[in-house]
Structure formats: structure tokens, C-alpha cells
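Asks: Build the 3D model from these lines:
(chains A and B)
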Amino acid sequence: DVKVTQSSRYLVKRTGEKVFLECVQDMDHENMFWYRQDPGLGLRLIYFSYDVKMKEKGDIPEGYSVSREKKERFSLILESASTNQTSMYLCASSLRQILDTQYFGPGTRLTVL
Amino acid sequence: KNEVEQSPQNLTAQEGEFITINCSYSVGISALHWLQQHPGGGIVSLFMLSSGKKKHGRLIATINIQEKHSSLHITASHPRDSAVYICAVSRGSQGNLIFGKGTKLSVKP
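Replies: The predicted model follows:
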């Protein structure tokens, strides 16, 4: 079974802090994705990566950056957390492109005070 | 207007009922996905389809490419089917998805 893990289920941070969200997949997948999910807005793509050290902006990249130094690990970074970044963050991975199922992690519920 | 629209937003059914959730999209796609999200957040992929129909147990997904419409059917619904069902479409060469807002299904015993 594909396993996608995220470093924390719940996280509370203060405004202005630098926040790291980690995602690890164990199936040698090439594509990895970061989404946020908000009530009434659904899931929205923040960033994705289709190879080590490669990254592409999604629909809402502002305020975020990412890092993919190893194939199995994709990190989401909030350089200076703000209250409007309080959300559920979900990581996903897929083997290749287009016609591949995405496998999701359990999510990290981030609260920024 | 959202590129992926689902209906209904909320659905309450009695155990045993036949359920249909609809998804319409307005963009060209390479595939359509149905996902299930249980309380607590975990998302599971149910189906990925680019034409026709797929069946898995009591779940059936259909897609009409010409009409840009897909349906997810649940036969003999059960309280454990209670979840949010999300429709998403694949665009582009990297497989990133555009999501509908989800349909919250509650099946009463």
C-alpha cells in the first residue's frame, strides 16, 4: 500500500513564525502536491513538484514556498505565518503524470494565532 | 463560475437508498476523479476515469465526455458511506487537479 505521511496532525503557531510542513511518501512517486482545504472553497493547489529540485506554482502560491531535496520528501514552508493561513493542509503524491491516482496524506490542521 | 461544479452540496438519505451525486465541468480534461473524505480529513481516491463507466463494489462512476458530466452512484447505501464526496478533474501534463467543493452525504440508519 502507498503510504503518504505528514509530520503533524495538528499544529499551532504564532503570527510571523516560520512554519515547516513535511510530507513523505514511500512508493518512489515522481509527483508530489501540496493543497489547502477551507470550508466553502474546497481543495486548492499551492505547489507541486514533478521531480527532485523541481517545483511549479499552483493556484495559490502566495505566502508559501516548497523544497524537494529528495524524491520521497516534499516540504511546504510558510515564511512568515499569518492568520489567513489557518487551514487544513494536505499532501499528495502520484507515480507519474495525468492518468495516475493521487494518494493523500492524513492532513495537518494548522492554526495561526 | 467554478470550473468544477457538484450537486447537491448536501444529501441526506435513509439506509438502503440509491444515491446519485453529480459533477459538471467546463474545461477540457484528461481524466476525472472521484474522492472520498471521511471526518478527520483523510482522502481516498475512489475512481479515476476518462470514458465510460467503472464499478467497485456498491459504487459506480460514469462519465459523458461530450456533455462534460459525471455521476457517482451508491447502491444500497449504508451509514458507513457517510462522507464528503469530491469530484476533481486533471488538466495539463503534470496531473494537478481542479476540485469541486464536495457533496456531504449523510446516510441515516
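Asks: which residues does residue 60 contact?
Replies: Assuming you mean chain A. If you count contacts by CB atoms under 8 Å, 6 or more residues apart in numbering or on different chains, residue A:60 has them with A:36, A:44, A:45, A:46. Heads up, the C-betas are built off the backbone N, CA and C, glycines and all.
Asks: look at chain B instead
Replies: For residue B:60, the contacting residues are B:53, B:54, B:72, B:73, B:75, taking CB under 8 Å, 6+ apart as the criterion.
Asks: and chain A, which of the residues you listed reach it?
Replies: Restricting the contacts of residue B:60 to those near chain A by CB under 8 Å from any CB of the partner chain leaves nothing, as none qualifies.
Asks: count of residues packed around residue B:65?
Replies: Around residue B:65 sit 13 other residues, with neighbours defined as other CB atoms under 10 Å in any protein chain shown.
Asks: And the pLDDT for the closest residue in space to residue B:5 that isn't next to it in sequence?
Replies: Computed as CB to CB, 6 or more residues apart in numbering or on different chains, the closest residue to residue B:5 that is not its neighbour in sequence is residue B:24, at 4.9 Å. Per-residue confidence (pLDDT) for residue B:24: 97.
Asks: Do I have it right that residue B:24 meets residue B:68?
Replies: Yes. Using CB atoms under 8 Å, residue B:24 is in contact with residue B:68, at 6.1 Å.
Asks: Near chain B, which residues of chain A are found?
Replies: Counting by CB under 8 Å from any CB, chain A sits next to chain B at A:31, A:33, A:40-45, A:48, A:50, A:56, A:58, A:88, A:90, A:92, A:94, A:96-104, A:106-107, A:109.
Asks: If anything else comes up later, I'll come back, but that's it for now.
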